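Next one to model:
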Amino acid sequence: MFCQEHAAQYNRSWNYFSGMSEEEAKKAAEEEARLAGAYSQSGAWTFAEGTSKADRERGAALAVLGLDDGASEDEIKARFRRMAKESHPDQNPGDKDAEERFIRVTAAYDILRSR
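Below you'll find the predicted structure:
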């Protein structure tokens with residue numbers, strides 16, 4: 001186990017891209033940015049202070065589905081089904097953006113369904 005000073009020194013010198021070619025490192029960095037971008041745009045970062053974690057998760061999930069807080073269970077289910085069908089990987093073979101949308105939509109519905 002490292003002490004704080006040695007852990008800091010190790011972290012400063014650690015290189016995620018070590019052993020990769022310049023092209024591989026660039027591709028890995030672009031892929032990381034692409035995947036992280038989807039989360040940062042999901043609405044999970046926009047919440048009012050004082051709200052509970054459950055409320056923030058519900059709000060973020062509704063935002064992914066493009067619904068407001070007053071949406072009924074039937075509206076949520078219908079929107080999920082439509083969006084899941086549109087972005088399903090079987091409907092969009094090889095489309096990484098559609099695959100990411102499908103993952104976000106499914107995760108949002110899982111949050112809303114469990115409440």
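
Show me what the helix or strand of the chain with the lowest mean pLDDT is packed against.
Taking mean pLDDT, DSSP states H and E as the measure, the helix or strand of the chain with the lowest value is helix 22-40, at a mean of 78. On a contact count with 3 or more Cβ pairs under 8 Å, 6 or more residues apart in numbering; DSSP states H and E, helix 22-40 meets helix 96-113. (C-beta placed from N, C-alpha, C; glycine too.)

Just to check, Met83 is in contact with Leu65?
Yes. The criterion here is Cβ atoms under 8 Å, and Met83 meets it with Leu65 at 6.5 Å.

intersection of neighbour lists for those two?
Jointly contacting Met83 and Leu65 under the rule Cβ atoms under 8 Å, 6 or more residues apart in numbering are Val105.

what angle do the least confident helix or strand of the chain and helix 96-113 make?
Interaxial angle of helix 22-40 relative to helix 96-113 (axes from the mean of the first three to the mean of the last three Cα atoms, to 10 degrees): 30 degrees.

Show me which residues of helix 22-40 are buried.
For helix 22-40, the neighbour count (16 or more other Cβ atoms under 10 Å) marks no residue as buried.

In CSV, could you pull the C-alpha coordinates for stretch 24-34?
Coordinates of each C-alpha in stretch 24-34 appear next as CSV, following Å, rounded to 0.1, in the frame of the first residue of the first chain:
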residue,chain,number,x,y,z
GLU,A,24,-4.4,3.4,-30.8
ALA,A,25,-4.1,6.1,-28.1
LYS,A,26,-6.1,8.6,-30.3
LYS,A,27,-8.8,6.0,-31.0
ALA,A,28,-9.0,5.1,-27.3
ALA,A,29,-9.3,8.8,-26.3
GLU,A,30,-12.0,9.4,-28.9
GLU,A,31,-14.0,6.4,-27.7
GLU,A,32,-13.8,7.5,-24.1
ALA,A,33,-15.0,11.0,-25.0
ARG,A,34,-17.8,9.6,-27.1
